[in-house]
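# mind looking at a prediction? Sequence and model below.
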Amino acid sequence: MAAAYLYLVASALLWGGVFHVIHYPLAVAPPFVMLTARFGLSALLLLPWLLRRRQYRLALHRDNFPVLLFLSLVGICGYNTFFTYGMALTEPATGSLIIAANPAMTTLISRIWKKERISPLRWLGIATAFFGLAFIVFRGQWANALQLSLGPGNLVLMGAPFVWAVYSVKSREVLQRLPTTVVTAALVLLSLPPQAALAMVQLNGWSWASQPSFWWPVLYLGIFATGIAYLCWNKGVELIGAARSSVFVNLIPLTTLLISLLLGQALQPYHYIGGLIVVTGVVLATRK
C-alpha cells in the first residue's frame, strides 16, 4: 500500500514540473518539433515493454489496433496539442488549475457517453469544479465573463481536460484486456508519425537542435514526465485501483503552485480561491 502511494506521489510531482519546464523548449522551437522530440525519447524508454515476449502482437491485433490508434490521436496528440499551445500563452499556476478539472470532466463524459449513474453528490462536485474552473479562466472577474474576456491561452487549454476525459473513458475497456505497459508504449509510438509530420511542416531551420535550453527540458519532459511518470502512475493504479488513484491528481496543481512560489512567481488571489473550489469539486465528483 505504501509503495502504491509513493508511485502515485512521484508521478504527480513529475507532472507538476511540466507546467514550468515546457516554456523553455517552446521559446526556441515550434510546438510539434518539441512534442516529437519529447515523445521520441519516451518511445525509446517504453519500447522494451512492447518487444518483451513479442507483446507488440497484442497492439497490432485487429481487435486492439483501431482503438489504440484512436486513443493515441485523442489522448496523446490531441491532449498535448491543446496543452502545449495553451501553456505557450498562459502562466503555470493558471494552467495547472485548469487541468485540475480533469476528473470532474471525466465523470461528466462518463455520464453522457457511457450512461454511468452519477449520484447527486457527484453532480454537485462537477458543478463546483466547473464553477472554480470558470473563476480561474475569467481571472476572478465575472465582468470578464460577460465580455467574454479570457486570459491568454485559457480557452485553448480548456480543450485539454475535455479530450483527456474522452481518452480516459474509452481507455478503461482497453486496459481491462491489455497490460498497462503495452498500452502506454503503443500509444506513445502511434503518436509519433502524425506529430512528426506536423513538425516537418513547422520546421524552419535547425538552430534549436544545438541549444541546451531545448534539450535539457525535453529530456525531463520525455524521460521523466512521460516515460517514468506514466510507468509510476500505471503501477500505482495496478496496486490500489483507478478510483483511489484519481485523488492523487489533486497533487499536480499543488505541486505547480509550490514550484511557482519557490521560483518567486507572483500568484493572484483568484489562483487560491479558484484552485480551492476546483479541488473541492474534484473530491466530490470522484466520490462513490
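Now that the structure is in, tell me what you want to look at.
# Ser171 contacts Val183, correct?
Yes - counting by C-beta atoms under 8 Å, Ser171 does reach Val183; the two are 7.2 Å apart. C-beta here means a position set from N, CA and C on the backbone, and glycine is covered the same way.
# okay, those two: which has more neighbours?
Val183 (24 against 21; other C-beta atoms under 10 Å).
# can you tell me how far that one is from Gly222?
Applying C-beta to C-beta, to the nearest Å, the value for Val183 to Gly222 is 18 Å.
# just to revisit the earlier point, common neighbours of Ser171 and Val183, please.
Shared contacts of Ser171 and Val183 (C-beta atoms under 8 Å, 6 or more residues apart in numbering): Leu71.
# quick one: low-confidence ranges for the stretch 151-288 of the chain?
151-152, 241-247, 250, 285-288 (pLDDT under 70).
# in stretch 184-200, what counts as buried?
Buried residues in stretch 184-200, counted by 16 or more other C-beta atoms under 10 Å: 184-192, 194-196, 198-199.
# correction: stretch 5-18
7-8, 10-18.
# check stretch 259-278 too.
So for stretch 259-278, counting by 16+ other C-beta under 10 Å, buried means 259-260, 270-271, 274-275, 277-278.
# just to revisit the earlier point, just the buried residues of stretch 5-18 now: which is nearest Thr128?
Ala12 (21.3 Å; C-beta to C-beta).
# quick check, pLDDT for that closest one.
On the pLDDT scale, Ala12 is placed at 84.
# just the one 5 residues further on next, same as before
According to the model's per-residue confidence, Gly17 sits at a pLDDT of 90.
# next one: it relative to Asn204, how far apart?
28 Å.
# dump stretch 192-206 to PDB, restricted to CA.
Included here for stretch 192-206 are C-alpha records, laid out as PDB according to Å, rounded to 0.1, in the frame of the first residue of the first chain:
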ATOM      1  CA  LEU A 192       4.900   9.800 -33.400                       C
ATOM      2  CA  PRO A 193       4.000   9.700 -37.100                       C
ATOM      3  CA  PRO A 194       1.300  12.500 -37.000                       C
ATOM      4  CA  GLN A 195       3.400  14.700 -34.700                       C
ATOM      5  CA  ALA A 196       6.500  14.200 -36.800                       C
ATOM      6  CA  ALA A 197       4.500  15.100 -40.000                       C
ATOM      7  CA  LEU A 198       3.300  18.400 -38.400                       C
ATOM      8  CA  ALA A 199       6.800  19.000 -37.100                       C
ATOM      9  CA  MET A 200       8.200  18.900 -40.600                       C
ATOM     10  CA  VAL A 201       5.600  21.500 -41.700                       C
ATOM     11  CA  GLN A 202       6.600  23.800 -38.800                       C
ATOM     12  CA  LEU A 203      10.300  23.200 -39.100                       C
ATOM     13  CA  ASN A 204      12.100  26.400 -40.000                       C
ATOM     14  CA  GLY A 205      15.800  25.700 -39.600                       C
ATOM     15  CA  TRP A 206      17.700  23.600 -37.100                       C
END
